[in-house]
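Peer 1: Dropping a prediction and its sequence here:
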Amino acid sequence: MSKLPGYALVGRILARRNLTFNRFAAFNPGRKAVISIPFFWLAVFFFIPFLVVFKISFSESDIAIPPYTSLFTWDADEAYATLTLYLGNYAYLIEDSFYLDAYLSSIKIAAISTIITLIVGFPMAYLIARSQGSKRLILLSLVILPFWTSFLLRVYAWMALLKKNGVVNDMLMALGMIDEPVRMLQTDFAVYIGIVYTYLPFMILPLYAVLEKMDLTLIEAAEDLGCHPIQSFFLVTVPLAMPGIVAGCLLVFIPVVGEYVIPALLGGSDTLMIGRVLWDEFSLNRNWPMASAVAIVMLVVLVLPIMFLRNRVGNKESI
Amino acid sequence: MQRRSYFLNISATLGFIFLYIPIISLIIYSFNKSKLVTVWGGWSWQWYVELFKNDQIMDAAMLSIKIAFISACLAVVLGTMAGFALTRMGRFRGKMLLSGWISAPLVMPEVITGLSLLLLFVAMESMFGWPAGRGTLTIIIAHTTFCMAYVAVIVQSRLSDMDESLEEAAMDLGAKPSTLFFLVTLPLIAPAIISGWLLSFTLSLDDLVIASFVAGPGDSTLPMVIFSKVRLGITPEINALATLMIAVVAVGVVVAMLQLRRTEKSRVEE
């Protein structure tokens, strides 16, 4: 025992006492570096950028490089510093109903497609979780394969299917269900299909993770006590799967609200989504301050409440 | 009971069919001889030949692979550090902040991440003159930032599931913290690090929105080239490209699954 280096001995005692910091915590010279390098990286490339966006959202668009006015001006002769906050971008966001419509329509599209994704994904996750051995592995890899395949190419695949002379129209005509090709590409319908399709694995994988761990005897018990299978599904399975349902829905809903690629490739010119508005404001109109204001409002209105909710749920789970 | 499994099987099967119709149609049409993508003109390799002759696509693919490789390596180092700090280092100042920052990029809409990084780069350039202009470097920084979040989450969950007794034993036997990490912890979390690297590589290779914001005028990554081609309509070369990418992923998934089955079997035998 006495041959042990001193810090290991102290570390052991601390660990035995179950103190909140463990052996890596106490005497590691590299500790500071391990914590501060990723911290510093995220501060510079994740957190500060939001402050920059916030700042620029109060500038005015300008024909210059970079294309916006600066907030601070300094008059050396008069020793006068001025801070100009231009509120026009936010005023315009409120005045022009176009932006409000875009926010509302994004939320609507995201909410509906999240629900559809849940309905389509739940039976699939359930089946995988209830399968055994090789069958489970095969089904699981069938979900994982599209998950790892290029998002852009999977959206593109639907363009060929939904075209006017595409596969889906041909099949429907061959079946005699329609007489002439229906316009499906460049409609909201195509956008829903594209979203549900590309985000389905994000729903299935968290659902599978909770369903796999579920104790099946609970369902048996409920049914022995006279529960109808449908009742036991809603009273036992769904509540137990709730963490997975919440995680899956958030993984689909939040990114979909800001989605750009799917409405740009599958949607029509009337498919209004805020991610697309932001992109156009930035690249077509080159109005960076306006794009910043759109981003700040999206962040505050949509993302922050949901992150808060997620933290609440997460904390409950860990308790 | 019987009726329920019937309903379950049918709806799940329909789901799997939905998942595979587009992929299968992409693969079949990539061998289509006809230039008109939806008219079947017989089997042919010609689009694969055209694909490899297309310099624009090939250059973009090389650039994307280079960016994805560097970003994945950086993301693995930074993400492992963050995941390790959050699970094995007890309390420290800013822990809540770090854990919030590390999980936020996972759900952040891409347009916001892209715009905010672009504005940061522009502001930094006018203040410090670095990074000079935008291009490969700025794309690598952007990709590293969101990929490290995925790595951190994977490493974090692996570390918190893992039994600490081996690390404790090494510590008891007098291992220095750095020895302990490189000889005990690192081999134990290697599978998580490998899957984090692969996921980062794939995400970087696939990213269109963030790269479009932070790329300079001269640098087009593969998704940017694909997007600009696809916007104009369907091109058979892209079908061929998609098929090749699906094939690579499929091989990877099969290998991973065989590996998983082997470890599971050996666990059962024990």
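Peer 2: Structure received.
Peer 1: Any idea how many residues pack against the residue in the stretch 1-150 of chain B positioned nearest to chain A?
Peer 2: Ranked by Cβ to the nearest Cβ, the top residue of the stretch 1-150 of chain B for proximity to chain A is B:P109, at 2.3 Å. C-beta: built from backbone N, CA, C; applies to glycine. Other residues lying near B:P109 total 25 when counted by other Cβ atoms under 10 Å in any protein chain shown.
Peer 1: where does it fall, phi/psi-wise?
Peer 2: phi -60, psi 140 (degrees, to the nearest 10).
Peer 1: Ignoring the adjacent residues along the chain, who's closest to it?
Peer 2: Nearest-residue entry for B:P109: A:G258, 2.3 Å, with adjacent residues in sequence omitted and distances by Cβ to Cβ, 6 or more residues apart in numbering or on different chains.
Peer 1: List the contacts of the one you found.
Peer 2: Counting by Cβ atoms under 8 Å, 6 or more residues apart in numbering or on different chains, A:G258 touches A:106, A:274-275, A:278, A:298, B:109-112.
Peer 1: Quick check: the farthest pair among these?
Peer 2: A:S106 and B:E110 (13.7 Å; Cβ to Cβ).
Peer 1: With adjacent residues omitted, what lies nearest to the most centrally placed residue in chain A?
Peer 2: Among the residues of chain A, A:P255 comes closest to the average C-alpha position under Cα atoms, centre = their mean, at 3.3 Å. Computed as Cβ to Cβ, 6+ apart, the closest residue to A:P255 that is not its neighbour in sequence is B:P109, at 5.8 Å.
Peer 1: and what of B:F146?
Peer 2: In space, and not counting its chain neighbours, B:F146 is closest to B:P105: 4.4 Å by Cβ to Cβ, 6+ apart.
Peer 1: surely the one you found meets B:A149?
Peer 2: Yes. Between B:P105 and B:A149 there is a contact at 4.1 Å, judged by Cβ atoms under 8 Å.
Peer 1: Point out where chain A drops to low pLDDT.
Peer 2: When the per-residue scores of chain A are filtered using pLDDT under 70, the ranges that remain are A:1-29, A:303, A:307, A:309-319.
Peer 1: per-domain residue ranges of it.
Peer 2: Domain assignment for chain A, taken from automatic domain parsing, gives A:1-56, A:89-318.
Peer 1: for these, which one ends up most surrounded?
Peer 2: Per-stretch averages of neighbours, counted by mean count of other Cβ atoms under 10 Å in any protein chain shown, single out domain A:89-318 among the domains of chain A, with a mean of 18.
Peer 1: Neighbour count for B:P105 and B:A149, which is higher?
Peer 2: In this comparison of B:P105 against B:A149, neighbours counted by other Cβ under 10 Å, the higher total goes to B:A149 at 26 against 19.
Peer 1: Buried residues, the strand or helix carrying the more buried one. List them.
Peer 2: Counting by DSSP states H and E, the secondary-structure element that holds B:A149 is helix B:136-161. Using 16 or more other Cβ atoms under 10 Å in any protein chain shown as the test for burial, helix B:136-161 gives B:136-156, B:158-159.
Peer 1: Quickly check: the helix or strand just after that helix near chain A or not.
Peer 2: Toward the C-terminus, helix B:136-161 is succeeded by helix B:165-172 as the next helix or strand (DSSP H and E). Yes. Counting by Cβ under 8 Å from any Cβ of the partner chain, chain A is contacted by helix B:165-172 at B:167-168, B:171-172.
Peer 1: Please apply the same query to stretch B:132-143.
Peer 2: Yes. If you take Cβ under 8 Å from any Cβ as the test, stretch B:132-143 does meet chain A, through B:141-142.
Peer 1: now that stretch: how far from the chain's centre is it?
Peer 2: 18 Å (Cα atoms, centre = their mean, to the nearest Å).
Peer 1: again, but for stretch B:248-263
Peer 2: The offset between the C-alpha centroid of stretch B:248-263 and the centroid of the whole chain comes to 17 Å, using Cα atoms, centre = their mean.
Peer 1: Would it count as contacting chain A?
Peer 2: Yes. Residues of stretch B:248-263 contacting chain A under Cβ under 8 Å from any Cβ: B:249-250, B:252-254, B:256-257, B:260-261.
Peer 1: Mark which of those are buried, thanks.
Peer 2: B:249, B:253, B:256-257.
Peer 1: Turn the residues you listed into a markdown table, including secondary structure and pLDDT.
Peer 2: Conversion of those to a markdown table gives the following (DSSP: H, G, I helix; E, B strand; the rest coil; pLDDT from 0 to 100):
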| residue | secondary structure | pLDDT |
| --- | --- | --- |
| B:V249 | helix | 89 |
| B:V253 | helix | 87 |
| B:A256 | helix | 84 |
| B:M257 | helix | 84 |
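Peer 1: Out of those, the closest to B:W43 would be?
Peer 2: Minimum distance to B:W43 across those is 23.2 Å, recorded for B:V249 (Cβ to Cβ).
Peer 1: Not including adjacent chain positions, what is the nearest residue to the closest one?
Peer 2: Computed as Cβ to Cβ, 6+ apart, the closest residue to B:V249 that is not its neighbour in sequence is A:W148, at 4.6 Å.
Peer 1: Quick check: neighbours shared by A:S106 and B:E110?
Peer 2: Common contacts of A:S106 and B:E110, defined by Cβ under 8 Å, 6+ apart, comprise A:258, A:275.
Peer 1: re earlier: the residue nearest to the centre of chain A reaches B:V111, doesn't it?
Peer 2: No. The pair formed by A:P255 and B:V111 falls short of the contact definition of Cβ under 8 Å, at 10.0 Å.
Peer 1: Can you lay out the domains of chain A as JSON lines showing distance to B:S126?
Peer 2: As requested, the domains of chain A are arranged in JSON lines below (distance: least, Cβ to Cβ, whole Å):
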{"stretch": "domain A:1-56", "distance to B:S126": "11"}
{"stretch": "domain A:89-318", "distance to B:S126": "13"}
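Peer 1: show me where the stretch 1-150 of chain B has helices.
Peer 2: With DSSP state H, counting those that start in this stretch as the criterion, the stretch 1-150 of chain B has helices at B:2-30, B:46-53, B:55-88, B:95-107, B:110-128, B:136-161.
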